[in-house]
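In: build me a model:
(2 chains)
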Amino acid sequence: MHIPDGYLSPSTCAVLYGGAAPFWYIASRRMKKVLTTRLVPLLSVMAALSFVIMMFNLPLPGGTTGHAVGVAIATIILGPWASILALSSALLIQAVFFGDGGITTLGANCFNMAIVGSLVAYAVYRVIADGAALTSSRRVVAAALAGYMAINASALCAAVELGVQPLWFKDLSGAPLYAPYALHISIPAMMIGHLTFAGLAEMVLSAGVVAYFQRTNPSLLKLTAPGASPAQNESRLIAGRSAWSAVRPLWMALALLLVLTPLGILATGTAWGEWGARDFANPETRRKIAASSHNAVPPPQAPRGLERLYSVWTAPFPQYAPAFVRRPAVGYALSAMFGSGIIILIFLGAGALATRCRRGASGALAETPTGDH
Amino acid sequence: MNFLERTLASFVHALERALYAEELAKANGLLQRLDPRIKVVGVLALVIAVAVAHKLWVIGAVFIIALILAVCSRVPLIILIERVWIPVLLFTGIIALPAPMVIPGREVWRLPGLGWPVTAQGLASAGYLVTRVETAATLSVLLILCTPWSHVLKALRVLRVPVIIVAILGMAYRYIFLLLESAHDMLESRRSRMVGVLEGPERRRVAAASVGVLMSRTLQLGSDVYNAMLARGFRGEVYVLDNFQTAPFDWLMLAVFLTLAGGAFYLGR
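Out: Below is the predicted model of the structure:
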């Protein structure tokens, strides 16, 4: 996961430093506002802790051991902004002092692990653990999933960064200058390890530590659980009202990603394995399929199963561009917004349904005295 | 070796590396004598030149420059072999191994028995990756082996790194050792009390609880450090003492570094 020097081109490194910089700036501004003069000592010890956590050997199911980044647990205990800064500092010390990760690729590593990791962990943890009591087992599940999703999102970012190198950076003979494998190899190669061992290690660490704090000191979990105070509907309402301000930066990041979506059209051709039934009949596309498949000749006609299924469902926006849109960049952005909108609506719907169910249950129990569960 | 022993071994390894670097930084070599700011700028320029180079021989030439720097700075080559070259070769070498067979291009050979084609472009690509990673890693390890960490941090001010970041990194480095020691003692005492073999879930519980304890202690430590700083008059402003002084030899070496990096940049286009 720590990308060393030499795997990414200088321009990719510069872009990722540029991508990380606003997050570092916002994080430091927000932390300074909250911590004021406490910022320096607290962040220092947190960065040191992140570094030490990365050195822990975690026992995994099946008898093996693995290392975790600790991004989810840092986010749950410290909040996403402090986690971004603490992990970035730890990654810098690791890169410069221990040679783990590179100097030119530090921006990329911070972007993948500290920034994407912390924001994904925060979003997943908040959505799943929303409204659960501090000692609820739902928080343990949420922490486990937050760790798993965060490390896999980081790995996916790293895989994409590595996978675009051979597309854009070649020498005169066509030999890739940096990471040599294209996306169709880099993504599975990175993800197999992270969907299994690394994901598992992160899961074990985040779930284990949350469970430990639930037993010993649940107040440490309060920072990222604003609606968790038991039997205080008022505070939950206040938390609900301020939820927008808490997640606003996440929405902004999402909006930024949506705006940047047209960058996707820079990649030419069809993604490997995403051919339509008609592509098999087109001689030009057949040549491209063969060229991208180590010169393996595609079958003379589309596989029958593909042909049958191809006619079953027609996407509303084939090729990511609605029919009335002429410019593909606009089409990409519109499709991204449409797709994200549907996902957000599904989540909001599920959230509203869950809240209604909870209210119904608490209404039924209103007469009976309840403790923390 | 169980997970406790492995974790303890990695703690000891980190401490050893840090102590050795501090020792070597005191030696009387070429890089040790230089102003840290010149070293940081010079090494960074060479690392960037390596990253930009589009020709294998240019990357190889910078690698030889790194070797000469190591010899002149009395860094034992065995240390570079053990810490940089072999680990990088094992990691990046294995990643680069399939490249000659996977990257499409002009076929130069076929693997006997398997019949897989080996392409010139694939071989070049694997060469780029391994030499680039080896050279950049050698340069950055040389910098840290020949400069105390506190000096590296202060030198970062030349690159306009905010003073608050320099202070945080400096303190973080100091507390890494305290936390490593604390975690080491905790795991060591746990290991000395263990007489049987722990079951899987129990092992995971112990590991998570250790991280949890360390986290609670760290948060407490953060408050203690803050109070101690307040007691000594800390009001939120951070100052770093920049007391480096450059000699003519430093400027000469800066010119050498920049000429080499510029040459590599120009020839490697």
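In: residue of chain B nearest chain A, please.
Out: Relative to chain A, the nearest point of chain B is B:Ala208 (2.3 Å; Cβ to the nearest Cβ). From N, CA and C alone the C-beta is placed, and that goes for glycine too.
In: and that residue, what helix or strand is that in?
Out: helix B:200-231 (DSSP states H and E).
In: quick check: next helix or strand after that helix?
Out: Sequence order places helix B:248-267 as the next helix or strand after helix B:200-231, per DSSP H and E.
In: please compute how far that next one lies from its chain's middle.
Out: Centroid separation between helix B:248-267 and its chain, computed with Cα atoms, centre = their mean, to the nearest Å, is 23 Å.
In: A:Ala132 - how many residues pack around it?
Out: For A:Ala132, the neighbour count with other Cβ atoms under 10 Å in any protein chain shown is 19.
In: show me the contacts for it.
Out: A:138-139, A:142, A:225, A:228 (Cβ atoms under 8 Å, 6 or more residues apart in numbering or on different chains).
In: the closest residue to the residue of chain B closest to chain A other than its chain neighbours is in what secondary structure piece?
Out: Leaving aside its chain neighbours, B:Ala208 sits nearest to A:Gly208 (2.3 Å; criterion: Cβ to Cβ, 6 or more residues apart in numbering or on different chains). Per DSSP H and E, A:Gly208 falls inside helix A:199-216.
In: show me the shaky parts of chain B.
Out: B:1, B:242 (pLDDT under 70).
In: nearest to chain B: which residue in the stretch 151-300 of chain A?
Out: Taking Cβ to the nearest Cβ, the stretch 151-300 of chain A has A:Gly208 as its residue nearest chain B, at 2.3 Å.
In: okay, the residue nearest to B:His54 when sequence neighbours are not counted: pLDDT?
Out: Among residues not flanking B:His54 along the chain, A:Asp171 sits closest, at 5.2 Å (Cβ to Cβ, 6+ apart). Here, the pLDDT recorded for A:Asp171 equals 85.
In: with the one 10 residues further on instead?
Out: On pLDDT, A:Tyr181 comes in at 89.
In: Three-state assignment for it, please.
Out: Counting by DSSP: H, G, I helix; E, B strand; the rest coil, the backbone at A:Tyr181 sits in coil.
In: please list all residues in contact with it.
Out: Applying Cβ under 8 Å, 6+ apart to A:Tyr181 gives the contacts A:162-163, A:166, A:189, B:99, B:102.
In: change it to 7 Å
Out: A:163, A:166, A:189, B:102 (Cβ atoms under 7 Å, 6 or more residues apart in numbering or on different chains).
In: these in strands, which ones?
Out: Among the contacts of A:Tyr181, no member falls in strands (criterion: DSSP state E).
In: if we can go back for a sec, from A:Ile73, how far out is the residue nearest to B:Ala208?
Out: With distances taken as Cβ to Cβ, to the nearest Å, A:Gly208 is found 9 Å from A:Ile73.
In: A:Thr37 too?
Out: For A:Thr37, the distance to A:Ile73 (Cβ to Cβ) stands at 26 Å.
In: neighbour-wise, which of those two wins?
Out: For A:Thr37 versus A:Ile73, the count of surrounding residues by other Cβ under 10 Å is larger for A:Ile73: 30 against 15.
In: hmm, the more buried one is touching A:Leu205, no?
Out: Yes - A:Ile73 lies in contact with A:Leu205 (Cβ atoms under 7 Å); the separation is 6.0 Å.
In: residues from the stretch 101-250 of chain A in reach of chain B?
Out: Within the stretch 101-250 of chain A, the positions adjacent to chain B are A:102-104, A:171, A:173-177, A:180-181, A:185, A:204-205, A:208-209, A:211-213, A:217 by Cβ under 7 Å from any Cβ of the partner chain.
In: and the buried ones among those residues, selectable in ChimeraX?
Out: Only the buried entries of those go into this ChimeraX selection, using 16 or more other Cβ atoms under 10 Å in any protein chain shown:
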select /A:102,103,104,174,175,176,177,180,181,185,204,205,208,209,211,212,213
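In: which stretches in chain A count as strands?
Out: Using DSSP E, strands in chain A cover A:58-59, A:65-66.
In: packing partners for the last one?
Out: Based on contacts counted as 3 or more Cβ pairs under 7 Å, 6 or more residues apart in numbering or on different chains; DSSP states H and E, the elements that strand A:65-66 packs against are strand A:58-59.
In: which residues touch the strand it packs on?
Out: A:65-66, A:68, A:201, A:204-205, B:3, B:200, B:203-204, B:207.
In: switch to 10 Å and redo it
Out: Contacts to strand A:58-59, defined as Cβ atoms under 10 Å, 6 or more residues apart in numbering or on different chains, come from residues A:64-68, A:70, A:200-205, A:208, B:2-4, B:6-7, B:198, B:200-208, B:211.
In: buried subset of these?
Out: By 16+ other Cβ under 10 Å, these give A:65-68, A:70, A:200-205, A:208, B:3-4, B:6-7, B:198, B:203-208, B:211 as buried.
In: what's near enough to touch residue 109?
Out: In the absence of a named chain, chain A is used. Counting by Cβ under 10 Å, 6+ apart, A:Asn109 touches A:1-4, A:8, A:16, A:20, A:87-88, A:91-92, A:94-95, A:100-102, A:154, A:158, A:161.
In: the intended chain is chain B.
Out: By Cβ under 10 Å, 6+ apart, the contact set of B:Trp109 is B:100, B:116-120, B:123.
In: those residues also near chain A: which ones?
Out: B:100, B:116-117, B:119-120, B:123 (Cβ under 10 Å from any Cβ of the partner chain).
In: farthest pair within the residues you listed?
Out: The distance between the two most remote of the ones next to chain A among the contacts of B:Trp109 (Cβ to Cβ) is 14.5 Å, for B:Trp116 and B:Ala120.
In: buried sites along stretch A:27-36?
Out: By neighbour count with 16+ other Cβ under 10 Å, stretch A:27-36 contains the buried residues A:27-28, A:30-32, A:35.
In: can you tell if stretch B:215-231 touches chain A?
Out: Yes - with Cβ under 10 Å from any Cβ as the measure, stretch B:215-231 is seen reaching chain A through B:215-230.
In: what does the domain assignment say about chain A?
Out: Listed by automatic domain parsing, the domain ranges of chain A are A:10-230, A:232-268+A:315-365, A:270-313.
In: please enumerate the helices of the stretch 1-150 of chain A.
Out: With DSSP state H, counting those that start in this stretch as the criterion, the stretch 1-150 of chain A has helices at A:10-35, A:39-55, A:71-78, A:80-98, A:106-109, A:117-129, A:137-168.
In: ranking those by burial, who's on top?
Out: Among the helices of the stretch 1-150 of chain A, ranked by average contacts under mean count of other Cβ atoms under 10 Å in any protein chain shown, first place goes to helix A:71-78 (a mean of 31).
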